[in-house]
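S.K.: here is my input; please provide its structure:
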Amino acid sequence: MGKVKQILQLSEQGVSQREISRRLNVNRKTIVHYLAKTEELKFSKEDLLTMPDIELERLFSQKPVLPETNEEYQYLESLFPYFKKELKETGVTRYVLWGEYRSGRPGGYGYSQMCYHYQQWLISQKISMRMAHDYGEEMFIDFTGSKLRYFCPHLNSVAEAEVLVSILGGSQFNYVEATKSQRIEDFVGGISNSIHYFGGVPKVLIPDNLKSAVTTASNFQPALNESFLSMANHYKTTVCPARPTHPQDKALVESIINLVYSEIFAPLRNQLPYGIDGLNEEIRRLLPNANKRNFQNRDYSRLDLFEDYEKETLKPITMDRYEITQSYKLRVDKFYHVYFNKDKHSYSVPYKYAHKRVKAVTTPTMISIYYNGIQIASHIRSKEVNGTTTHLEHMHPSHKYVQQWEPSHAYQWGADVDPIVEKYLQNMISHCSYPHMARRMFEGVKDLYKRYGNQRLINACDRALGCNASDYTTLKNILSNKIDLLEKSNTASEVMLPRHENIRGSKYYY
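M.R.: Predicted coordinates:
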């Protein structure tokens, strides 16, 4: 009050307001305010200058007179909770509500008076920006500070789970899920589950600035995690992260966490569910009670607001449940496969992409491979360590032939030439224990067919069968030596061994 007295004295001396502002380093608007207040108090400047500071402070800080508390005001005030709820509806304005009010109370307050009293009531109720959360507009996302315990069968010990909370801005209807961590796969999976639990998609997702959502935080244009952004695009919604160090941006989810603590954490404090799935079963059992509980001093709950107003404003879910994707840059080897280290497994691509650099996009169940933005292959992820998954359509034609060849192909080809050739191939392949060797001998027979023609091959097979022979080399020798062209009667003299003194006769063995 010392400066107030200085202002009064200088004003009494005729000093201008600009000069008083310069001397006392006080804003001119402040000077105008105190001089106007002096006129309202009906005290002389001399009385004010001699008044004790504490008394002067009381005069200058008098509160405005409270609104009258007559019967009409009490009736109007009883409507304010209804006004607050109805103003979130599309097309409902204060003027519309005032018209409804005056239709039942023709002698009631005017429009400006009603707006003034309603505004004062909102202030008295300490209502903040909660009014701005339209139905179907926003979904706030955050993890609780505390964790829930469960028994982990893999670790054979007690583990702690993170707890993800999602809340719709208009109705404050919420979803709670326990996750193993705050990593991107758990975070995105939880948000996807939230959207399917609500049965619709909000216009905006508002997460905190954890790394799974935001890679670079900013008050103006944060950089989003690629997988999180992919999930948002999948559900055709947008993302607007809360500003760093501005908890009021997500005040709803901050406040709902206290409800989660009392309605879910407290009942589970002495329990130890088996596994993360068991913990989530307990949460799903308790969650409906939290949403059904009426707001304090209200006769409606979050579930009531959700069912009556917000549910129909959410965009419908027109796509399958989102599976998190991750991207990797890989090189195709000379066998036209990419080796994916996380699976320790190789997956095929079309053979023409051998030695190319490609992009692999994975979900928990699928791996898709892209070259220059075009998908060239897709596989179900395999759990076979050091195994290989190959699609036949990816193989080179000659490789595909080798892969698909079976003895029946040889038999059918032989039958088309002649039954004798078919029989010879059956004998030849049945005596070969290695399939690829059998295939190679069959290809040799086909080559002989091209070189010597149909009839000579038939004759050669017939002559070889007569000698109980069944291999490619015998058939080749018969054809190259033109034995197949000899008459069968001369065959014996041709194949009889000549007499020689070093050869023992049959009498030797008697």
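S.K.: show me the shaky parts of the stretch 1-150 of the chain.
M.R.: Residue ranges of the stretch 1-150 of the chain with pLDDT under 70: 1, 42, 58-69, 126-132.
S.K.: which strand runs longest in the chain?
M.R.: Ranked by residue count under DSSP state E, the longest strand found in the chain is strand 157-168.
S.K.: strand partners of the following helix or strand past that one, parallel vs antiparallel please.
M.R.: Downstream of strand 157-168, the next assigned helix or strand under DSSP states H and E is strand 174-179. Strand 174-179 sits in its sheet next to strand 157-168 (antiparallel), going by DSSP bridges.
S.K.: next, the buried residues of the strand it pairs with.
M.R.: Neighbour-count burial for strand 157-168 flags Ala159, Ala161, Glu162, Val163, Leu164, Val165, Ser166, Ile167, Leu168 (criterion: 16 or more other C-beta atoms under 10 Å). C-beta here means a position set from N, CA and C on the backbone, and glycine is covered the same way.
S.K.: and if you look at stretch 294-312?
M.R.: Judged by neighbour count using 16+ other C-beta under 10 Å, the buried positions of stretch 294-312 are Ser301, Arg302, Leu303, Asp304, Leu305, Phe306, Tyr309, Glu310, Lys311.
S.K.: can you list contacts of that stretch?
M.R.: Stretch 294-312 is contacted by residues 81, 85, 88-89, 135-136, 168, 170-174, 198-200, 288, 290-293 when judged by C-beta atoms under 8 Å, 6 or more residues apart in numbering.
S.K.: next step: the residues you listed restricted to strands.
M.R.: Per DSSP E, the contacts of stretch 294-312 map to strands at Leu168, Asn174.
S.K.: among the contacts of stretch 294-312, which ones are in helices?
M.R.: The helices, defined by DSSP state H, take in Pro81, Lys85, Phe198, Pro288, Ala290, Asn291, Lys292 from the contacts of stretch 294-312.
S.K.: can I get these in JSON lines with distance to Tyr274?
M.R.: Formatted as JSON lines, the ones in helices among the contacts of stretch 294-312 follow (distance: C-beta to C-beta, whole Å):
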{"residue": "Pro81", "distance to Tyr274": "44"}
{"residue": "Lys85", "distance to Tyr274": "42"}
{"residue": "Phe198", "distance to Tyr274": "28"}
{"residue": "Pro288", "distance to Tyr274": "22"}
{"residue": "Ala290", "distance to Tyr274": "23"}
{"residue": "Asn291", "distance to Tyr274": "26"}
{"residue": "Lys292", "distance to Tyr274": "27"}
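S.K.: helices - which of the buried residues of stretch 294-312 land there?
M.R.: Arg302, Leu303, Asp304, Leu305.
S.K.: reformat those as TSV; add pLDDT.
M.R.: Putting those into TSV (pLDDT from 0 to 100) gives the following:
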residue	pLDDT
Arg302	91
Leu303	93
Asp304	92
Leu305	91
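S.K.: and stretch 242-257, how far apart are its ends?
M.R.: With C-alpha to C-alpha, to the nearest Å as the measure, stretch 242-257 spans 17 Å from end to end.
S.K.: what about the nearest residue to Trp121 once chain neighbours are set aside, how many neighbours?
M.R.: What sits nearest to Trp121 in space, not counting adjacent residues and going by C-beta to C-beta, 6 or more residues apart in numbering, is Phe80, at 4.7 Å. Look at Phe80: counted by other C-beta atoms under 10 Å, it has 18 neighbours.
S.K.: how close does Phe80 get to Lys359?
M.R.: To Lys359, Phe80 is 58 Å away according to C-beta to C-beta, to the nearest Å.
S.K.: could you flag which of the ones in helices among the contacts of stretch 294-312 are buried?
M.R.: Buried residues within the ones in helices among the contacts of stretch 294-312, counting neighbours by 16+ other C-beta under 10 Å: Pro81, Lys85, Phe198, Ala290, Asn291.
S.K.: from those, pick the one nearest Asp471.
M.R.: Comparing those against Asp471 with C-beta to C-beta places Phe198 closest, at 73.5 Å.
S.K.: which of the helices or strands spans Ile376?
M.R.: Ile376 belongs to strand 374-380 when assigned by DSSP H and E.
S.K.: can you check Tyr401 too?
M.R.: Assigned by DSSP H and E, Tyr401 belongs to helix 397-404.
S.K.: now that helix: buried residues?
M.R.: Under 16+ other C-beta under 10 Å, helix 397-404 has no buried positions.
S.K.: follow-up on the earlier one: now do the strand holding Ile376: which elements does it pack against?
M.R.: strand 345-348, strand 366-371 (3 or more C-beta pairs under 8 Å, 6 or more residues apart in numbering; DSSP states H and E).
S.K.: now the first one, how far from the chain's geometric center?
M.R.: Using C-alpha atoms, centre = their mean, to the nearest Å, the mean C-alpha position of strand 345-348 is found 25 Å from that of the whole chain.
S.K.: start the count at 40, not 1, going forward
M.R.: Got it, first residue is 40 now, which makes that one strand 384-387.
S.K.: out of the ones in helices among the contacts of stretch 333-351, which is nearest to Ile415?
M.R.: Ranked by distance to Ile415 (C-beta to C-beta), the ones in helices among the contacts of stretch 333-351 are led by Phe237 at 37.1 Å.
S.K.: residues contacting the residue nearest to Trp160?
M.R.: Tyr157, Trp160, Leu161.
S.K.: if any of these are buried, give me the ChimeraX selection for them.
M.R.: Only the buried entries of those go into this ChimeraX selection, using 16+ other C-beta under 10 Å:
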select :157,160
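S.K.: hey, where'd the helices end up in the stretch 140-289 of the chain?
M.R.: For the stretch 140-289 of the chain, applying DSSP state H, counting those that start in this stretch gives helices covering 150-163, 223-237, 265-273.
S.K.: tell me which of those helices sits nearest to Asp457.
M.R.: Among the helices of the stretch 140-289 of the chain, helix 265-273 comes nearest to Asp457, with 62.2 Å by C-beta to C-beta.
S.K.: now the helices of the stretch 140-289 of the chain as a markdown table including distance to Pro474?
M.R.: Below are the helices of the stretch 140-289 of the chain laid out as a markdown table (distance: least, C-beta to C-beta, whole Å):
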| stretch | distance to Pro474 |
| --- | --- |
| helix 150-163 | 84 |
| helix 223-237 | 44 |
| helix 265-273 | 46 |
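S.K.: among these, which is the most enclosed?
M.R.: Counting by mean count of other C-beta atoms under 10 Å, helix 223-237 has the highest mean neighbour count of those, with a mean of 20.
S.K.: so what does that one touch, helix or strand wise?
M.R.: Packing contacts for helix 223-237, counted by 3+ C-beta pairs under 8 Å, 6+ apart, involve strand 177-182, strand 196-207, strand 213-218, helix 265-273.
S.K.: circling back to that earlier point, the longest strand of the chain to helix 223-237, inter-axis angle?
M.R.: Strand 196-207 and helix 223-237 are oriented at 50 degrees to each other (axes from the mean of the first three to the mean of the last three C-alpha atoms, to 10 degrees).
S.K.: report the distance from strand 196-207 to the chain centre.
M.R.: That offset, for strand 196-207, works out to 17 Å (C-alpha atoms, centre = their mean).
S.K.: what's the angle from that strand to strand 177-182?
M.R.: 160 degrees.
S.K.: just the C-alphas of strand 196-207, formatted as PDB.
M.R.: Taking Å, rounded to 0.1, in the frame of the first residue of the first chain, the C-alpha atoms of strand 196-207 are listed here in PDB:
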ATOM      1  CA  SER A 196       9.200 -65.400  -9.900                       C
ATOM      2  CA  VAL A 197       7.100 -62.300  -9.100                       C
ATOM      3  CA  ALA A 198       7.200 -59.600 -11.800                       C
ATOM      4  CA  GLU A 199       5.800 -56.100 -12.200                       C
ATOM      5  CA  ALA A 200       3.600 -55.000 -15.000                       C
ATOM      6  CA  GLU A 201       3.100 -51.500 -16.500                       C
ATOM      7  CA  VAL A 202      -0.500 -50.300 -16.500                       C
ATOM      8  CA  LEU A 203      -1.700 -48.400 -19.600                       C
ATOM      9  CA  VAL A 204      -4.800 -46.100 -19.200                       C
ATOM     10  CA  SER A 205      -6.800 -44.700 -22.100                       C
ATOM     11  CA  ILE A 206      -9.700 -42.300 -21.500                       C
ATOM     12  CA  LEU A 207     -12.200 -40.700 -23.900                       C
END
